[in-house]
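Colleague: Build me a structure from this.
(chains A and B, ligands or ions: 3)
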Amino acid sequence: MKTKALLIDLPRCTGCRGCQVACKQEYKRQAEKTTFFGGPGYQNPADLSAETWCLVTYNEVLVNGRHDWVFGKRQCMHCEVPGCASACPVKALEKLDSGPVIYHREKCIGCRYCMLACPFVVPRFEYETWNPYITKCTMCAHRQVAGGIPACAKACPTGAITFGDREVLIREAEHRIAGNPGGYVHHIYGMEEAGGTCVLHISSVPFEELGYVMRVPRSPMVAHTEPAMKAVPMVMLGLATVLGASYALRTRKQRDNQPAESGHIS
Amino acid sequence: MRRSVLNVRLSIGTLALAAIAVVGIGLALYRFFSGIGAVSNLNQGYPWGFWIGADVLAGIALAAGGFVVAGLMHMFGGERYHPLVRPTILTAFLGYLLFVVALMVDLGRPWTIWHMIIYWHHESPMFEVGWCVMMYTTILFMEFLPVVFERFRLDRPYAIWMNAAPWVAIALLVLFTFAMTQSVVWVLAIAAVLIAFEWLIRLGIIHRDPRMPTMLLMAGIIFSTLHQSSLGSLFLMVPHKLNHIWYSPILPISFFVSAVAAGVAMVIVESTASAWYFGRKVEEELLKDVGHVLTWAIFFTLALRTTDLVLRGVGTELLVFNTPSIAFWIEALVGLIIPLALLLTPQFATSGRWLLIASLMVITGLVINRMNVAVVGITSTYGATYYPHWIEVAITSGIVAAGVLVYLVICSNFPVFAHEHRRPAETPELAAGLAAHA
Ligand code: SF4
Ligand code: SF4
Ligand code: SF4
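Modeller: Ligands and ions are numbered 1, 2, ... in the order given. Predicted coordinates for the structure are as follows:
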């Protein structure tokens, strides 16, 4: 199966937040009471939350000597080798071959390790209930199965969100950048980040100015824990052998006069 | 005459502990109605905080005394440490139980914790941590059973236990290997070594320890080695969040060695405190020997951390004046450098009081270290900040206070300390039982 992806062409975004609303509607997530906050004030809400899985960010950026609004989109990146899924002890998070990283809520124990492990700071936790779950964007896996496209992509009126095969979209992104070198920075965010993701972003300004997380390793997160996990059986075998042998050697003498020794306590 | 409950005398100290425990446990119960948000400052940017640092990382490291003493004693021939075995196994066992209770507060859906048994994910360090907890708590429980058998003179079960415990330990180790590797080759390799060892003991080719099956102690040492290091492995997943003063590929190893040092320090503090509480004489000579082990453990931890920092080129960053570097220096001075200096100075090293002070410093340093890894060194994006809520601290304090009380109750009612031991192999039933199966 071809891996699906979303291409977010930020210069085409007008900040209408149609995707944000469509996502909320699709998943019937509660509206949030928000307050005006310092910084990019038109952005609402301030951050992703347990109720908001798709967020248009408003960034004031200096473009050609004048201040301009430049928009970003925040959601799960649907990593090729997701840190969240590698971290989860009970496989509550699963990467589908078709692209989406989905959540099996009935398995989750609520340890929140996925939140720590995600390099893009995406999974959210329902802190305010006695029976909490993790929540995040699902890449609308259920809509894809039914032959549809993600709700946010469907809602976007300007074509800023394209849904398609990952390989095709990478070529498309390269094509758009090459066709307008002045209009884009030469970086497809998500092509290599965390080992590659299924949400790809292209932008007219450097991604750090849009608040994108830049401290993301190029390698999948699991590459950092793998050596330690691989060592586990070796440590076991090594310890069993060394401990057993040292005990046998040390107690050589006791064995020879065992009867006299047994029953001796402290 | 003083009043007492369950043979624990009622004093200002024990009453204060009881009060702290009641408040903490009450707040912990409240959390199950209100959600974690109402009792903590944990948030979307800081999903882990005080509880992970104090209860999980530090708590488990401080319970390391159990396996260190067992290791010294049964594997490397430190027979003189034998009087310490029972008290340290008891503390480790209680420590693990407390940790499990604390985990129930921190987990979002603790009633699903058993999912770890049926949904396997051996790639996840958290899966390893979870399994180590289950396995090692079981082993500690089995290691503690002789105390119960002696107390109630259950000689028959004692004999059965002596014979069955090694096989249970082998079964747990093999199951664990399968869960962690899902490889038949590894399972066979490890099963072969363990079964061969046990067989040689049964055949009388290797000495059979009449006090405690060696296999049980080996299993304890293996599981706790893995558990201590796996807590470090957890943080290998976050190169993007953990400050690189602490983030290092050898995190599992430095977690292990520092836990050994802290575990030894705990043995010293605990022996001194319980001797004082129960009005016994402190085993000065013995503790001095433990002090030597402590010196080596600190030295080794310090050498490892220094080498690691130098090789990763972090040295210069420690000279900058900012929160992480200050946090690092507090941790290093309190937990490693000053106690090492104390222990290497002859007039301090020979004094029981200074040994106690050095041990307390090592313990404090370890708690700071684990807090640094779990909280201080973590940078979250999008401006999230975290500072523990007082209820978080109150719940942890309550659980610890409850643990100390349970320790006192058990020590006051069971033969934990050396001079109270019976001689199991001399009771006719047990001797007969052993002979029958040998
Ligand atoms: S962005 Fe985060 S939550 Fe989404 S798949 Fe990647 S690691 Fe998982
Ligand atoms: S919080 Fe749930 S989904 Fe996340 S790692 Fe833990 S068990 Fe897995
Ligand atoms: S893909 Fe679906 S779940 Fe994800 S942001 Fe778009 S609408 Fe929301």
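
Colleague: Kindly state the pLDDT recorded for the closest residue to ligand 3 within the stretch 301-438 of chain B?
Modeller: As assessed by CB to the nearest ligand atom, ligand 3 sits closest to residue B:382 within the stretch 301-438 of chain B, at 17.2 Å. For every residue, glycine as well, the C-beta is placed using N, CA and C. Per-residue pLDDT puts residue B:382 at 75.

Colleague: List phi and psi for the closest residue in space to it that isn't next to it in sequence.
Modeller: Nearest residue to residue B:382 in three dimensions, chain neighbours excluded: residue A:47, at 5.5 Å (CB to CB, 6 or more residues apart in numbering or on different chains). Here is the backbone geometry of residue A:47 (degrees, to the nearest 10): phi -150, psi 170.

Colleague: number of nearby residues for residue A:47?
Modeller: Neighbours of residue A:47 under the rule other CB atoms under 10 Å in any protein chain shown: 19.

Colleague: where does the residue in the stretch 1-150 of chain A positioned nearest to chain B land in three-state SS?
Modeller: Going by CB to the nearest CB, chain B is nearest to residue A:110 of the stretch 1-150 of chain A, at 2.0 Å. Taking DSSP: H, G, I helix; E, B strand; the rest coil as the rule, one finds residue A:110 in the coil state.

Colleague: what's the burial count for it?
Modeller: So residue A:110, with other CB under 10 Å, has 22 neighbours.

Colleague: Any part of the longest helix along chain A near ligand 1?
Modeller: Counting residues, the longest helix found in chain A (DSSP state H) is helix A:222-250. No - shown here: helix A:222-250 not in contact with ligand 1 (CB under 6 Å from any ligand atom), separated by at least 10.3 Å.

Colleague: is chain B contacted by that helix?
Modeller: Yes - using CB under 8 Å from any CB of the partner chain, helix A:222-250 reaches chain B at A:222, A:224-229, A:232-233, A:235-237, A:239-241, A:243-244, A:246-248, A:250.

Colleague: for the record, mean pLDDT for the helix or strand hosting residue B:91?
Modeller: Assessed by DSSP states H and E, residue B:91 sits inside helix B:82-106. Taken as a whole, helix B:82-106 carries a mean pLDDT of 90.

Colleague: Establish whether the helix or strand just after it and ligand 2 are in contact.
Modeller: Using DSSP H and E, the next helix or strand after helix B:82-106 towards the C-terminus is helix B:115-118. No - Helix B:115-118 stays out of contact with ligand 2 when judged by CB under 6 Å from any ligand atom, the minimum separation being 7.8 Å.

Colleague: close to chain A, is the very next helix or strand once past helix B:115-118?
Modeller: Scanning forward in sequence from helix B:115-118 by DSSP H and E, the next helix or strand is helix B:125-151. Yes - Helix B:125-151 reaches chain A (CB under 8 Å from any CB) through B:125, B:126, B:127, B:128, B:129, B:130.

Colleague: now helix B:125-151: how far from the chain's centre is it?
Modeller: 11 Å (CA atoms, centre = their mean, to the nearest Å).

Colleague: what comes up buried for that helix?
Modeller: By 16 or more other CB atoms under 10 Å in any protein chain shown, the buried positions in helix B:125-151 come out as B:125-140, B:142-150.

Colleague: Report all helices and strands that that helix contacts.
Modeller: helix A:222-250, helix B:65-70, helix B:82-106, helix B:115-118, helix B:155-181, helix B:214-234 (3 or more CB pairs under 8 Å, 6 or more residues apart in numbering or on different chains; DSSP states H and E).

Colleague: so how far is residue B:411 from the closest residue in space to residue B:269 that isn't next to it in sequence?
Modeller: Nearest residue to residue B:269, sequence neighbours excluded (CB to CB, 6+ apart): residue B:359, at 5.1 Å. Plainly put, residue B:359 is 20 Å away from residue B:411 if you go by CB to CB, to the nearest Å.

Colleague: which one of these two has more residues nearby?
Modeller: Neighbours were counted for residue B:359 and for residue B:411 using other CB under 10 Å; residue B:359 has more, 28 against 20.

Colleague: What are the buried residues along whichever strand or helix holds the more buried one?
Modeller: Secondary structure assignment for residue B:359, by DSSP H and E: helix B:352-371. Within helix B:352-371, the residues that count as buried by 16+ other CB under 10 Å are B:354-371.

Colleague: quick one: is stretch A:217-228 near ligand 2?
Modeller: No - applying CB under 6 Å from any ligand atom, one finds stretch A:217-228 separated from ligand 2 by no less than 12.4 Å.

Colleague: With adjacent residues omitted, what lies nearest to whatever residue of the stretch 101-250 of chain B ends up closest to ligand 3?
Modeller: Across the stretch 101-250 of chain B, the shortest distance to ligand 3 (CB to the nearest ligand atom) belongs to residue B:108, at 21.3 Å. Leaving aside its sequence neighbours, residue B:108 sits nearest to residue A:110 (CB to CB, 6+ apart; 2.0 Å).
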